[in-house]
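K.L.:
The sequence and its predicted three-dimensional model are supplied below.
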Amino acid sequence: MFCRALHSLTVIAPCSVRRAGFTMSSAPVLLVRLVAAAHSVAEKAGTIVRNVMSGGDLGIVEKTGANDLQTAADRLVQQSICASLARKFPGLTIIGEEDLPSEEVSEDLIEPGQSEEILKVTFPSQYNSIKEEEAGDGAVLGRTIWGVLGVGAFGFELKEVPQGQHIVTTTRSHSSKLVNDCIAAINPDKVVRVGGAGNKIIQLIEGQASAYVFASPGCKKWDTCAPEAILHAVGGKLTDISGNAYEYHKDVQHMNSAGVLATLRNFNYYSSRVPESVKQALVPKM
């Protein structure tokens, strides 16, 4: 399971197991409980961030350089996410963006609740046999958006760009010749530059853009994991720039070294317009 402290928390797969006081017939399956817990943790994370912002001291430190910063909100939110989920689901492997010292997490950062609304949702039976160590889940800061393949996605109103319009959303701060060459080859009607992979996926599902194009190795698995889960839950698709699916198991390389291409609809249209030279420049690194 990958989590990004400020932007997203992502769980991919689920299971149903016997636990103290519960049987498979009387308790929601693991994925339902996991998503319900993740939803509550995401709400808690939002409160933590707002508290840090209103306090005025962001507690900024440099991680690896002047362009790679970490705030107190980053640290506190990751502690909250990881500790809250690990307490409820000790079998999860959780991989976070931030490197944090191993220390006891304050109890006021722990979120013990679960969304009662999600606990009432019936998930497809295909999720019934997945084990806790195979699981993961998804949400986004500011509002909480969640989704599961076969169930749908919730917390927003699904909209699409009018037919015939081609609007590309791409990086705001990590542009390059390769990124610009790829976008030029697509020849969009409009280019929208925003920060954050999750924000770009929101552009797709809320009808502000028709394709997310990032021909660069700049983002990581924790950037795309939750957004991809949401996008797939509403019938969209996210891959590397050559159309290869990303994986999110615990041993996977964290860097998305071959870029990102995502759409809500018409994936093949955009994929066919990515120049071969761009694909070759971003051949997936094994």
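P.N.:
Nice, thanks for sending it over.
K.L.:
Just the pLDDT for the closest residue to Pro124 other than its chain neighbours.
P.N.:
Using CB to CB, 6 or more residues apart in numbering and skipping residues adjacent in sequence, the residue nearest Pro124 is Gly150, 4.1 Å away. Any C-beta I mention is one placed from the backbone N, CA and C, and that applies to glycine too. pLDDT recorded at Gly150 is 91.
K.L.:
Glu103 too?
P.N.:
71.
K.L.:
Quick check: it is in a strand.
P.N.:
No. Counting by DSSP: H, G, I helix; E, B strand; the rest coil, Glu103 falls outside a strand, being coil.
K.L.:
separation between it and Ala83?
P.N.:
11 Å (CB to CB, to the nearest Å).
K.L.:
More neighbours: the two, which one.
P.N.:
More crowded of Glu103 and Ala83, by other CB atoms under 10 Å: Ala83, with 19 against 7.
K.L.:
which of the residues in the longest helix along the chain are buried?
P.N.:
Counting residues, the longest helix in the chain under DSSP state H turns out to be helix 30-55. Under the neighbour-count criterion of 16 or more other CB atoms under 10 Å, helix 30-55 has 30-46, 48-49, 52 buried.
K.L.:
Could you count how many residues lie near the residue lying closest to Tyr270 once chain neighbours are set aside?
P.N.:
Spatial nearest neighbour of Tyr270, excluding adjacent residues (CB to CB, 6+ apart): Ala211 at 4.5 Å. When neighbours are counted by other CB under 10 Å, Ala211 registers 27.
K.L.:
ok now do Ala211, which residues does it touch?
P.N.:
166-169, 186, 188, 204, 261-263, 270 (CB atoms under 8 Å, 6 or more residues apart in numbering).
K.L.:
ok, now Tyr269?
P.N.:
By CB under 8 Å, 6+ apart, the residues touching Tyr269 are Thr263.
K.L.:
so how far is His249 from it?
P.N.:
30 Å.
K.L.:
how about the helices of this protein, start to end?
P.N.:
Using DSSP H, helices in the chain cover 30-55, 72-88, 116-119, 177-186, 197-205, 221-233, 267-271, 276-281.
K.L.:
What is the burial count for the residue nearest to Pro124?
P.N.:
12.
K.L.:
Next: Ala86.
P.N.:
Ala86: 16 neighbours (other CB under 10 Å).
K.L.:
what do you get for the one 4 residues further on?
P.N.:
For Pro90, the tally of surrounding residues (other CB under 10 Å) stands at 9.
K.L.:
and the nearest residue to Ala185 once chain neighbours are set aside, what does it touch?
P.N.:
The shortest distance from Ala185 to any non-neighbouring residue, by CB to CB, 6+ apart, is to Pro275 (4.8 Å). Residues in contact with Pro275 (CB under 8 Å, 6+ apart) are 181-182, 185.
K.L.:
Give me the packing partners of the longest helix of the chain, helices and strands only.
P.N.:
Applying 3 or more CB pairs under 8 Å, 6 or more residues apart in numbering; DSSP states H and E, we find helix 30-55 packed against strand 8-10, helix 72-88, helix 116-119, strand 139-140, strand 146-148.
K.L.:
closest to Asn128 out of the ones you listed?
P.N.:
Closest to Asn128 of the helices and strands packed on helix 30-55, according to CB to CB: strand 146-148, at 13.1 Å.
K.L.:
My read is that Met255 contacts Asp223, right?
P.N.:
No. Applying CB atoms under 8 Å as the test, Met255 and Asp223 come out as separate, 10.1 Å apart.
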